[in-house]
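Visitor: starting from these lines, generate the structure:
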Amino acid sequence: MKTVHAVFENGVFRPKEQVDLPENAEVEFEPRLVRNGQAPASLEDVYAILSARFASGQSDVAARHNEHQP
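Guide: Now for the predicted structure:
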């Protein structure tokens, strides 16, 4: 399953990228409001981040928690 980003205009959802579906195909979806043009992280995104951290071999990630702060 692929996430398709769309804009709601004049009562119609307009996809922001090409969608590989036959013309007049009926689909079902649950719209989620996206803030600031960014989609919320999907579970797959979260799992990928967690997997990368786990695979890093670094055991004390709390020690580096504030590393990204200015």
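Visitor: C-alpha only now, for contacts and for neighbours.
Guide: OK.
Visitor: okay, strands next: where are they in the chain?
Guide: Taking DSSP state E, the strands of the chain run over residues 6-9, 12-15.
Visitor: list the buried residues for the last one?
Guide: Spelled out, it's strand 12-15. By neighbour count, with 16 or more other Cα atoms under 10 Å as the criterion, strand 12-15 contains no buried position.
Visitor: give the residue spans of this protein that score low on pLDDT.
Guide: Scanning the chain with the threshold set as pLDDT under 70 gives 1, 36-41, 61, 68-70.
Visitor: can you get me a residue count around Arg53?
Guide: Burial of Arg53 is recorded as 13 neighbouring residues (other Cα atoms under 10 Å).
Visitor: before we move on, the earlier item: now the strands of the chain as JSON lines including distance to Arg35?
Guide: JSON lines is the format used below for those (distance: least, Cα to Cα, whole Å):
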{"stretch": "strand 6-9", "distance to Arg35": "12"}
{"stretch": "strand 12-15", "distance to Arg35": "16"}
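Visitor: Tyr47 is nearest to which of those strands?
Guide: Between Tyr47 and the strands of the chain, the shortest separation by Cα to Cα is 24.4 Å, and it involves strand 6-9.
Visitor: and stretch 8-15, how far out from the chain middle?
Guide: Here stretch 8-15 shows a centroid-to-chain-centroid distance of 20 Å under the convention Cα atoms, centre = their mean, to the nearest Å.
Visitor: helices of this protein, residue ranges please.
Guide: Listed in chain order, the helices found in the chain under DSSP state H are 43-55.
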